[in-house]
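1. Build the 3D model from these lines:
(one chain, ligands or ions: 1)
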Amino acid sequence: MSDGRVDGLLSDLTLDEKLRLVRGRPDPEGRATGYVPGVERLDIPPLRLVDGPLGVRDREATAFPATIALGASWDPDLARRLGRALAAETRARGHDVLLAPGLNIVRVPTGGRNFEYLSEDPVLTSAVGAAYVDGVETGGVGATAKHFVANNQEHRRDTVDAVVPERALREIYLPGFRAAVDADASAVMAAYNRVNGHYMSENRRLLEGVLRGEWGFDGVVMSDWWGTHDAAAAAEGGLDLEMPGASAVELFAPHSRWLRAMLRLRLSDRLDLDPPLLWRLTDRLADEGQPDPYPFDFFGDPLRRAIDDGLVAEATLDRKVRHVLGLYERAGLLDGRSEGSARWGRAGDTAPSVDWDAHHDLAREVARRGTVLLANDGTLPLGEDDSLAVVGPNADEAKVGGGGSSEVTPTRTVSPVEGLRAGASRVTFERGVKRVANPSMFDLPGSGLRRRLRAGPDFDAAVRAAADADAAIVVVQDGATESEDRTSMALPGEQDRLVRAVAAENPRTVVVCRSSGPVEMPWASEVAAVVQTWYPGQADGAALADVLFGADPGGRLPLTVGRRFEDYTVAGDQRRYPGVNEHVHYDEGIFVGYRGFDRDGVAPRYPFGHGRSYADFAYADLAVERAAAAGGTDGDGTDGGGTDGGDLDAPAIDVTVTVANRAGRPGREVVQAYVEPPDPPGATARPGRELGGFVSVALDPGERRAVPLSVPRRALARYDPGAGWTVDPGEYAVVVGRSARGGRVRATVTVG
Ligand code: BGC
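-> Okay, here's the model as predicted:
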């Protein structure tokens, strides 16, 4: 950042004022999740940051589908549109930065925040994540890539040390963040956890070495909330902004409800305390105006002391202030005339008004496009004259999201029962089994009791209703939340028993699975159809009705659905998960998700990339050739010489395949190109296939289209800890088809 305005301000700021710009404070109005107060004397106004990935967490906003549903769309254009909509709502609520997207890889199938992430695969995560970032940024709001990096479990997330081999870091966990930086993300949020021995808020190697040094990131690195541990280490390690920076007294001010709720979340995993107990405790303290005992204030007095004592150079602080002011400048907050403000087009303009109906429709579209039709014996789509028995403990509520900082208060909701009633004339509803709790960090004491007082479920009545209907729709769900992992992949409560009992009575039983990630589906072969809708957001039931009555969903699995937890490579050894003595060892290396299933020869229930269509697609005429710009290897076969800065995004292989829709209805196909290791194989173990590129295409009835795809060098490269990115010369096979296991056509190309 060489902008004169920033330089000028920097020379005018006193030490105290500089410190005010690198440490958050509670928002005096209690609405922003994070707030930098600015410096009034120099007309530097407050900067406002707000959660989060599923929607804006300030009063009411559109509750969009969970990020994992967006991943399931495999559609960067859709992600860009969603990013734009989120930006508009962020601005309409008066904020400058959105604390999203979440770009961690789904490593643990039961991870508590899987719903906030995109995929188990770095290529899919990078493509959709970068487009999301681009949408937010071009919508005039700063995007925050989080949680950097290896925050792949919630269990002991704020102390655990993720011991990750360099190759796995480079090939699996870092690419999504690099893609976000390339897409010009304004900010990066450091994860709570440690990586290879150092807290991410002070991980100099990854923050200064990789993020800034190799990737050229010049935006703001902020801590996760209360994720700073030491002033000098964080200052030298590359952190710019401590969040939320609330002091004890401020935290318990009446407007700090969000902050207290977040603190509760954070302490519940640190202290292994029951969240309701923490709720009572923290609110009691708030009532009594008591200060809390925790120091969350490292970039306040402790940083000043570190500077006074010569432990941290003032120039280091200046660099942080420069990054923060750079963000101000992008937001047009400095004087509206500075160079950078044009970038967001915000100079002097007013916040846009939001077309909430259009955003509800977008939420519905994303929910539909993220829906994965896992199985269908022809029962779907339903006929409009079918009588339907809707069964399921929570089928009368929209599944708006998971618990934690991503919770959104929706502008309105459509439950599955409401959505289906709008599409069919005869719809009954029976809960069948006890309601599944939707954990919330904002649950008020007593709300659980109100729910318990609702009419009890009647299992037999649900089964009878199913028997009497033309088709039974069983809506099941899990209840995941930030700050804890799910305890198992099984659906909570008696939902499996309910599915089986209904399926035994009605051969046209459709299961609708609203889950944060993969769940066991022991009844999969007993039911007519399985529809995976993740956490579909506020338009849940409307999108569901669209799909069940015939709109082609278009979603494909962004992760592998195994039969059981033990099928995943993280299982079987406490070292790998949940960790031993605060260390979790990524011993499986790069063999995460489908890479692990393939290595171990384990058949998943549904493979990565799988999803059916109501249409019927044929593949032919695969042509693969070395891309004109590819140029083979760089003589010595390495690319980037040990860094992440090589031209890995240049196309390496051009692919064209003809896809024909043989059905009499329109459909959407996600064409997926997987790369197999080269022949001759090198000494380094490589996955049997890895996603290299993909494209989502809508085809009219009978339409045939040549679909071009590009596979970048990155997809051929492996990371060698000594030599860096390496493209081994040899013959690479490209397999194109419908999933990681659904190859339809194959061709080879020689590279290098
Ligand atoms: C979460 C972040 C979130 C922050 C502020 C933390 O608990 O990990 O994702 O942005 O709180 O709410």
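2. ok, the closest residue to the ligand within the stretch 651-752 of the chain - contacts?
-> Here the stretch 651-752 of the chain gets closest to the ligand at one residue, Leu691, 26.4 Å apart by Cβ to the nearest ligand atom. (Each C-beta comes from the backbone N, C-alpha and C, glycine too.) Counting by Cβ atoms under 8 Å, 6 or more residues apart in numbering, Leu691 makes contact with Asp121, Val123, Leu124, Phe608, Gly609, Gln672, Ala673, Tyr674, Val675, Ala715, Ala740.
3. Try it again at 10 Å.
-> 74, 119, 121-124, 127, 594-595, 608-609, 672-675, 711, 715, 740 (Cβ atoms under 10 Å, 6 or more residues apart in numbering).
4. In helices only, show me the residues you listed.
-> Pro122, Val123, Leu124, Ala127, Tyr594, Arg595, Ala715 (DSSP state H).
5. Could I get the pLDDT score of the spatially closest residue to the first one that is not a sequence neighbour?
-> Counting by Cβ to Cβ, 6 or more residues apart in numbering, Pro175 is the residue found nearest to Pro122 once chain neighbours are left out, at 4.0 Å. At Pro175 the predicted local distance difference test score is 97.
6. From what I see, Pro175 and Ala145 are in contact.
-> No. Applying Cβ atoms under 10 Å, one finds Pro175 not in contact with Ala145, separated by 11.6 Å.
7. higher neighbour count, those two?
-> Ala145 (30 against 23; other Cβ atoms under 10 Å).
8. For Trp356, see how far away the nearest residue to Asp51 once chain neighbours are set aside is.
-> Leaving aside its sequence neighbours, Asp51 sits nearest to Arg57 (Cβ to Cβ, 6+ apart; 4.1 Å). Arg57 sits 16 Å away from Trp356, going by Cβ to Cβ, to the nearest Å.
9. just Leu9 next, same as before
-> Applying Cβ to Cβ to Leu9 and Trp356 gives a distance of 37 Å.
10. And Val56, by the same measure?
-> Counting by Cβ to Cβ, the gap from Val56 to Trp356 is 12 Å.
11. Same drill for the two, tell me which one is more crowded.
-> Between Val56 and Trp356, Val56 has the larger neighbour count (other Cβ under 10 Å), namely 31 against 15.
12. any idea how far the more buried one is from Arg48?
-> From Val56 to Arg48 the distance is 11 Å (Cβ to Cβ).
13. Quick check, pLDDT for Pro701.
-> For Pro701, the pLDDT comes out at 98.
14. Isn't it up against Pro666?
-> Yes. Pro701 lies in contact with Pro666 (Cβ under 10 Å); the separation is 6.1 Å.
15. Spell out which residues are contacts of both of these two.
-> Ala615.
16. what about the two, which has more around it?
-> Pro666 (17 against 12).
17. which residues does the more buried one contact?
-> Neighbouring residues of Pro666 by Cβ under 10 Å, 6+ apart: Ala551, Asp552, Ser613, Tyr614, Ala615, Ala698, Leu699, Asp700, Pro701, Gly702, Glu703.
18. can you do 7 Å?
-> If you count contacts by Cβ atoms under 7 Å, 6 or more residues apart in numbering, Pro666 has them with Asp552, Ala615, Ala698, Leu699, Asp700, Pro701.
19. Could you do Ala145 as well?
-> Contacts for Ala145 (Cβ under 7 Å, 6+ apart) come out as Pro101, Leu103, Val133, Phe177, Ala180, Ala185, Val188.
20. List phi and psi for the first one.
-> By that I understand Pro101. phi -90, psi 170 (degrees, to the nearest 10).
21. same question, the fifth one
-> Backbone torsions for Ala180, taken as degrees, to the nearest 10, come to phi -70, psi -40.
22. If any of the ones in helices among the contacts of Leu691 are buried, give me the PyMOL selection for them.
-> A single PyMOL command selects the buried members of these (16 or more other Cβ atoms under 10 Å):
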select buried, resi 122+123+124+127+594+595+715
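23. Of all pairs in the ones in helices among the contacts of Leu691, which one is the farthest apart?
-> The largest separation in the ones in helices among the contacts of Leu691, counting by Cβ to Cβ, is between Ala127 and Arg595 at 17.6 Å.
24. Which residue, other than its chain neighbours, is closest to the residue in the chain positioned nearest to the ligand?
-> Among all residues of the chain, Ser405 sits closest to the ligand, at 3.4 Å; criterion: Cβ to the nearest ligand atom. Distance criterion Cβ to Cβ, 6+ apart; nearest residue to Ser405, sequence neighbours excluded, is Asp51 at 4.8 Å.
25. Distance of that neighbour relative to Lys146?
-> 10 Å.
26. so what sits against both of these two?
-> Common contacts of Asp51 and Lys146, defined by Cβ under 7 Å, 6+ apart, comprise Leu99.
27. got the residues of this protein near the ligand?
-> Within the chain, the positions near the ligand by Cβ under 6 Å from any ligand atom are Thr33, Asp51, Gly52, Leu99, Lys146, Asp224, Trp225, Met262, Leu265, Arg266, Ser405.
28. Name the member of those with the most neighbours.
-> Sorting these by how many neighbours each has (other Cβ under 10 Å) puts Leu99 first, at 29 neighbours.
29. Quick check: that one touching Gly24?
-> No. Counting by Cβ atoms under 7 Å, Leu99 does not reach Gly24; the two are 11.6 Å apart.
30. Below-threshold pLDDT in the protein: ranges please.
-> 1-2, 247-252, 254-255, 268-296, 336-351, 443-455, 629-646 (pLDDT under 70).
31. Quick check: buried residues in stretch 511-522?
-> Buried, per 16+ other Cβ under 10 Å, within stretch 511-522: Val511, Val512, Cys513, Arg514, Ser515, Ser516, Gly517, Pro518, Val519, Glu520, Met521.
32. The stretch 501-650 of the chain: strands as residue ranges?
-> 509-514, 529-532, 583-585, 617-626, 638-639 (DSSP state E, counting those that start in this stretch).
33. helices or strands up against the fourth one?
-> If contacts are counted by 3 or more Cβ pairs under 7 Å, 6 or more residues apart in numbering; DSSP states H and E, strand 617-626 sits against strand 651-661, strand 730-737, strand 743-751.
34. thinking again about what came up before, give the buried subset of the contacts of Pro666 as a ChimeraX selection command.
-> Here is the ChimeraX command that picks out the buried ones among those, judged by 16+ other Cβ under 10 Å:
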select :552,615,699
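35. Could I get the contacts of Pro666 in TSV, plus columns for distance to Gln477?
-> Below are the contacts of Pro666 laid out as TSV (distance: Cβ to Cβ, whole Å):
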residue	distance to Gln477
Asp552	24
Ala615	28
Ala698	29
Leu699	32
Asp700	35
Pro701	35
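36. show me the residues around the residue nearest the centre of the chain that make contact.
-> In the chain, the centroid-proximal residue (Cα atoms, centre = their mean) is Tyr117; its distance is 2.0 Å. By Cβ under 7 Å, 6+ apart, the residues touching Tyr117 are Thr67, Ile68, Gly102, Leu103, Asn104, Ile105, Val106.
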